[in-house]
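**Q** Predicted model and sequence follow; I will ask about them next.
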Amino acid sequence: MGSGITDADGHDVPVTVTPGEAGPAPRVSVTLSPPAGELRWSCTPAAARELAAALVRAAEETENAPGEAPVTVAAGELRRGDVRDGERAMTVDGVRTDGSTAHITWKAPTGRTWTQSYDVNTAITLKRRLSGTR
């Protein structure tokens with residue numbers, strides 16, 4: 001199974017991340033193994049966390065970028081991963097229906113979550129619709 005990371009020619013690039021030794025100057029090692037030859041990098045744990053956070057932000061921005069025209073669905077039909085259309089990015093983190101009420105838990109890019117209740121038939125416009133089922 002591939003890493004999902006490819007080089008400029010589309011070849012799979014295996015990636016290995018290895019914790020370093022503890023001590024006064026700990027390092028995290030990152031090894032990329034494209035067909036052209038192995039690349040080895042190392043960084044401090046703080047730099048590794050910054051890189052991971054930057055990758056998460058870029059992934060969310062990519063996934064939340066407008067693609068096709070927005071789609072509108074009933075609140076009771078929302079699925080985890082659906083992204084609401086609007087000024088602020090909000091992703092559906094959970095859906096629970098209770099009779100005629102849908103309780104939607106939203107998640108902001110900052111990690112903050114909150115729950116709002118809607119009539120199950122309330123129209124919610126989505127920027128991105130997650131394929132599949134709940």
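**A** On my side now, so go ahead. Residues are numbered from 1 along each chain as shown.
**Q** ok, and the closest non-adjacent residue to the residue nearest in space to the middle of the chain?
**A** With distances taken as C-alpha atoms, centre = their mean, Glu60 lies nearest the centre of the chain, 4.5 Å away. Counting by C-beta to C-beta, 6 or more residues apart in numbering, Glu60 lies nearest to Pro109, which is 5.6 Å off, once chain neighbours are set aside. For the C-beta atoms, the positions are set from N, CA and C on the backbone; glycine is no exception.
**Q** Check the gap between Lys127 and Thr72 for me.
**A** Using C-beta to C-beta, to the nearest Å, Lys127 is found at 11 Å from Thr72.
**Q** Compare the two (neighbour count), which wins?
**A** Lys127 (21 against 10; other C-beta atoms under 10 Å).
**Q** my guess is that one contacts Gly81, does it?
**A** No - Lys127 is beyond contact range of Gly81, at 11.8 Å (criterion: C-beta atoms under 8 Å).
**Q** any shared contact partners between the two?
**A** Contact criterion C-beta atoms under 8 Å, 6 or more residues apart in numbering; residues shared by Lys127 and Gly81: none found.
**Q** secondary structure class for the residue nearest to the centre of the chain?
**A** Secondary structure, DSSP: H, G, I helix; E, B strand; the rest coil: Glu60 is helix.
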